[in-house]
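S.K.: Just a sequence and a predicted model for now, questions to come.
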Amino acid sequence: MSSPKTQISIAYLKGVGPARGQLLASELKLREIKDLFAFFPNRYIDKTKFYKVNELNENSSEVQIIGKIIGLTTVKQKNGSRLVAKFADATGTIELVWFKGAKWIKDSIVLNELYVVFGKVNDFKGKKSIAHPELELKSVYESGIKKAIQPIYPSTEKLSNRGVSNRVMSKIFEELFLAYYSQIPESLSQTIIEKHGLISKKEALLHIHFPKNQEMLTKASNRLKFEELFFIQLQLVRKKVVRKNKIVGFKFPAIGAFFNDFYNSKLSFELTGAQKRVLKEIRNDMRSGTHMNRLLQGDVGSGKTIVALLTMLMAIDNGFQAALIAPTSILANQHFTSINASLDGMGIKVSLLTGSSKVKERKEIHAGLEDGTLHILIGTHAILEDKVKFKNLGLSVIDEQHRFGVAQRMKMWLKNTNPPHVLVMTATPIPRTLAMSVYGDLDISVIDELPPGRKEIQTVHRYDKNRLAVFKFMRDEIEKGRQVYIVYPLIEGSEKMDYKDLMDGYESIVREFPSPKYQLSIVHGKMKPVDKDFEMDRFVRGDTQIMVATTVIEVGVNVPNASIMIVESAERFGLSQLHQLRGRVGRGAEQSYCVLMTSFKLSQDAKTRLETMVTTSDGFKIAEVDLKLRGPGNIMGTQQSGVLNLRIADISKDGPLLEAARQEAHSLLSEDPNLLKQENAPLAKAYQEIAKNTSIWANIS
Ligand code: ADP
Ligand code: MG
């Protein structure tokens with residue numbers, strides 16, 4: 001809303017006034033008329049529809065049913081008693097339950113008369129009930145005012161305490177529409193409205209607050225969701241187009257000796273189809289002179305490193321340097337060791353720079369970077385320090401990007417006057433819809449295929465009381481020469497307890513697996529980096545059979561001989577973390593196992609997480625479930641994104657609308673890049689207003 005009239009304070013609206021105006025401003029950020037037009041109910045109660053008892057399930061939420069109460073029982077419980085009514089219609093029965101006021105309700109109920117019942121359905125192991133339902137005799141119900149779909153507005157305790165009830169909110173919106181309906185401007189072009197079968201902005205706003213029926217409500221919410229997603233996509237796509245036009249990418253025209261040599265004589269396996277496809281996508285960027293800013297998604301073990309290495313070789317073949325940044329020194333070390341080994345004898349100079357690099361090494365590295373004799377620099381965020389200057393950095397690869405903050409990524413981007421190509425890799429698969437929103441200004445490549453011959457990791461859920469059996473299983477596997485990870489949670493805010501758990505756990509494992517027969521490593525965040533590396537190395541070499549650790553080993557670590565991952569207190573881990581941890585095993589030829597240990601008491605969400613882990617190993621499926629459980633704002637690495645402060649659309653549910661919005665943004669910008677056409681004037685105006693108020697990450701996300 002940009003017409004000047006809507007910028008006046010809501011206090012002037014009938015039924016609001018200064019006091020409520022202030023309250024609404026502080027509680028809900030509703031200050032001006034235009035804020036009201038961007039404020040929506042967060043759910044609805046549909047009192048136009050009646051359900052049959054046999055249609056109800058746990059997803060029915062709030063429903064209205066008609067039937068008779070055919071029995072009443074009072075059940076004694078710890079404090080007081082609860083009243084249970086058996087409610088029946090022609091299709092079945094359901095229980096109505098009251099925990100409070102049982103006596104009063106019991107006296108007021110008339111058996112075998114028709115009632116209208118309204119409430120939220122609970123489903124406990126197939127037994128359905130409604131607690132504290134609204135209950136009205138059907139005859140009374142019918143004499144009342146006509147029921148409709150009721151909007152329920154977001155509220156706060158303070159608001160309800162001060163009498164700003166849901167009814168008051170509805171009243172405010174009535175007044176709003178009376179005063180301003182005629183002034184609501186259209187914000188999309190007629191072409192887009194028609195193409196997508198949308199209703200007008202005016203109608204949509206009216207029906208989102210006062211839906212005539214379910215059909216109009218759906219149309220209204222579709223229109224508003226589409227608009228919201230469309231303007232975000234328009235910003236993202238525009239950003240991408242502007243970047244591509246403005247920044248000249250380094251041109252890597254040649255596939256040269258380094259690449260070919262390595263590909264033909266060093267690579268010990270055939271690339272998967274997905275790896276080949278992704279390399280082609282990268283190659284197309286690099287030879288074209290456009291600037292690459294690409295997100296490479298691929299599940300744990302899908303072979304992203306080799307793609308990164310081949311891409312770095314393309315840079316070196318064309319006279320440029322390349323950098324690879326990893327989130328932890330363990331991982332940087334490992335990349336360095338394996339890349340150095342695989343490039344052996346090729347005359348490519350590779351160095352490692354981490355927080356624990358010695359001054360002398362650093363000096364050599366700085367010199368080599370500046371005179372161009374150092375080709376590949378691998379390291380941690382130490383690479384991002386200002387002192388580190390490259391002669392001609394052509395490519396930055398960022399591994400496991402979700403571990404980095406935005407600011408750090410920006411820095412790498414700015415390393416050169418001419419920004420290097422950027423390849424950001426992540427093993428936390430992000431559902432496509434989320435990727436389109438958070439990384440909408442990046443190109444995205446996906447490795448959706450694992451190298452052949454991998455055995456699926458067998459995942460089981462075990463309770464703490466099965467621990468002895470788990471120990472026995474560990475012994476048997478160690479007997480066969482395998483190695484075992486045991487991971488303990490380390491959650492912010494409960495570190496003290498967590499460290500205690502870790503140490504207690506460690507001690508019990510030492511008792512169960514005594515030396516000299518068994519050797520243990522332990523790694524956690526409180527250790528000095530050198531000690532960590534020392535313990536890690538012992539495990540990598542196979543000197544120790546059991547690695548007890550916190551989640552520091554979550555990313556990247558590669559010990560192919562480790563075949564068991566035991567996660568303690570697995571209910572405390574998020575899905576993507578569990579998936580990452582599981583990815584530490586199954587890297588060799590042997591059958592691998594993941595054991596999720598939990599206590600007996602589990603929340604519904606925890607059960608879903610464990611079940612998901614046991615039933616699938618597909619990272620993208622797991623990411624979808626994660627998105628549904630936690631909502632887009634909590635998925636790792638996306639918190640900073642202003643893109644996700646959506647008012648009405650929901651990325652986990654509105655995938656198709658999002659796709660349509662993105663396509664529309666693309667086609668609009670290709671026809672009218674600067675939104676100058678007369679037809680797009682209202683749209684351009686709305687766009688400017690929105691772009692002013694949203695913060696979308698700059699350049700590289
Ligand atoms: P991630 O994508 O998790 O970073 P890595 O790059 O560490 O995975 O690869 C995991 C393992 O798979 C490595 O040991 C790597 O050498 C191997 N690998 C990668 N690509 C292939 C392939 N096409 N065929 C066989 N093994 C492969
Ligand atoms: Mg990796």
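M.R.: Received, thanks. Ligands and ions are numbered 1, 2, ... in the order given.
S.K.: Point me to the residue of the stretch 251-400 of the chain nearest ligand 1.
M.R.: Using C-beta to the nearest ligand atom, the closest approach of the stretch 251-400 of the chain to ligand 1 is made by Gly303 at 2.8 Å. To be clear about C-beta, it is placed using only N, CA and C from the backbone, and glycine gets the same treatment.
S.K.: Ok, the stretch 451-600 of the chain next?
M.R.: For the stretch 451-600 of the chain, C-beta to the nearest ligand atom, closest residue to ligand 1: Pro451, 3.3 Å.
S.K.: Enumerate every residue touching that residue.
M.R.: Counting by C-beta atoms under 8 Å, 6 or more residues apart in numbering, Pro451 makes contact with Phe269, Thr272, Gly301, Ser302, Gly303.
S.K.: top of those residues by neighbour count?
M.R.: Compared across the contacts of Pro451, Ser302 has the highest neighbour count, 25 neighbours, by other C-beta atoms under 10 Å.
S.K.: For whatever residue of the stretch 601-701 of the chain ends up closest to ligand 1, give me its contacts.
M.R.: Residue of the stretch 601-701 of the chain nearest ligand 1, by C-beta to the nearest ligand atom: Gly619 (10.0 Å). Shown in contact with Gly619 (C-beta under 8 Å, 6+ apart): Asp299, Val300, Ala427, Thr428, Pro429, His579.
S.K.: Any chance of a markdown table for those residues, columns secondary structure?
M.R.: Shown next, in a markdown table, are these (DSSP: H, G, I helix; E, B strand; the rest coil):
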| residue | secondary structure |
| --- | --- |
| Asp299 | coil |
| Val300 | coil |
| Ala427 | coil |
| Thr428 | coil |
| Pro429 | coil |
| His579 | helix |
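S.K.: one step back: now tell me which of the contacts of Pro451 the prediction trusts least.
M.R.: Least confident entry in the contacts of Pro451, by pLDDT: Gly301, with 81.
S.K.: isn't it right next to Arg587, touching?
M.R.: Yes - assessed by C-beta atoms under 8 Å, Gly301 is found in contact with Arg587 at 6.2 Å.
S.K.: Figure out the helix or strand that the residue of the stretch 451-600 of the chain closest to ligand 1 lives in.
M.R.: In the assignment (DSSP states H and E), Pro451 maps to no helix and no strand.
S.K.: how close does it sit to Glu270?
M.R.: From Pro451 across to Glu270, the span is 9 Å (C-beta to C-beta, to the nearest Å).
S.K.: Kindly report the same for Arg432.
M.R.: 28 Å.
S.K.: got it, and Leu646?
M.R.: In terms of C-beta to C-beta, Leu646 sits 43 Å off from Glu270.
S.K.: Tell me where the longest helix sits in this protein.
M.R.: helix 214-246 (DSSP state H).
S.K.: Around ligand 1, pick out the residues from the stretch 201-350 of the chain.
M.R.: Phe269, Leu271, Thr272, Gln275, Gly298, Val300, Gly301, Ser302, Gly303, Lys304, Thr305, Ile306 (C-beta under 6 Å from any ligand atom).
S.K.: Secondary structure and distance to Val53 added to those, as CSV?
M.R.: Formatted as CSV, these follow (DSSP: H, G, I helix; E, B strand; the rest coil; distance: C-beta to C-beta, whole Å):
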residue, secondary structure, distance to Val53
Phe269, coil, 60
Leu271, coil, 58
Thr272, coil, 53
Gln275, helix, 55
Gly298, strand, 48
Val300, coil, 46
Gly301, coil, 49
Ser302, coil, 49
Gly303, coil, 54
Lys304, helix, 53
Thr305, helix, 57
Ile306, helix, 59
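S.K.: What is the end-to-end distance of stretch 662-679?
M.R.: Across stretch 662-679, the terminal residues are separated by 20 Å (C-alpha to C-alpha, to the nearest Å).
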